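[1] test case, fold it:
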Amino acid sequence: MVRGKTQMKRIENATSRQVTFSKRRNGLLKKAFELSVLCDAEVALIIFSSRGKLYEFASCSMQETIGRYQRHIRDVQPAKETSMEENMQNLKEETACLVKKIEIIEASKRRILGENLGSCSLEELQQLETQLEKSVTKIRARKNHVFNEQIKHFREKEKQLAAENARLTEKYEMLPKESIVANTEDASPSEDTISQISDVETDLFIGLPETRIKRLTNR
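    Sure, this is the predicted structure:
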């Protein structure tokens, strides 16, 4: 079972707080002494209680240890500032270098597009021409490759369509001739249909309306 971390906070009871301070202070002073003896370390420990009472331990002289600490801070601080200045300078130089590279790339791009060629020397123009010829060669090779792939695809499609056509033709030839003739006869008009068409055609009459009325009456 994993227990959650207990949040540390100030002891509210004054008596319990004083007892805890005494115990932990003594334990801390003991650890500082052991560290100095076992590891041959120069240790200085300063403790002020909540009432302002001082407790201290020093393996050597407290003043010498504090002076050594102050000298160390003075030596390290300029080194940190120098390091930051060097980093800033390196960043500025790197930024300037990147800006120059971008300008060179932009100028080369404009020249490839045929712009700003007035400042180019003969050698630069020859190099640009060679570069463009290589680019055109690569583009043409890629174009031919794409064309060949398309032709190959269309040929495969043609083979598939030819095979499908042959299959349908073979299937048609295997059908019985009687069914083909029957389908043809069913498709031709019947005698009743022809008679109806004839009746419709006989009803057609060209002439004056009076003549048409007389003809219909006689029928």
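
[2] by contact count, what packs against the helix or strand that contains residue 151?
    Residue 151 belongs to helix 122-173 when assigned by DSSP states H and E. When contacts are defined as 3 or more C-beta pairs under 8 Å, 6 or more residues apart in numbering; DSSP states H and E, helix 122-173 sits against helix 62-112. From N, CA and C alone the C-beta is placed, and that goes for glycine too.

[3] and the helix it packs on, what does it pack onto?
    Based on contacts counted as 3+ C-beta pairs under 8 Å, 6+ apart, the elements that helix 62-112 packs against are strand 44-48, helix 122-173.

[4] among those, which is the most enclosed?
    Counting by mean count of other C-beta atoms under 10 Å, strand 44-48 has the highest mean neighbour count of the helices and strands packed on helix 62-112, with a mean of 15.

[5] what about that one, distance to the chain center?
    Average the C-alpha atoms of strand 44-48, do the same for its chain, and the two points are 57 Å apart (C-alpha atoms, centre = their mean, to the nearest Å).

[6] partner strands of that strand and their direction?
    Here the strand partners of strand 44-48, with direction, are listed using DSSP bridges: strand 54-58 (antiparallel).

[7] which stretches of the chain have low pLDDT?
    Under the criterion pLDDT under 70, the flagged ranges of the chain are 1-5, 78-83, 177-219.

[8] hmm, try it at 80
    Confidence mapping of the chain against pLDDT under 80 gives the ranges 1-7, 75-86, 116, 118-120, 175-219.

[9] and it, what are its domain boundaries?
    Split into domains by automatic domain parsing, the chain comes to 13-60, 76-119, 120-184.
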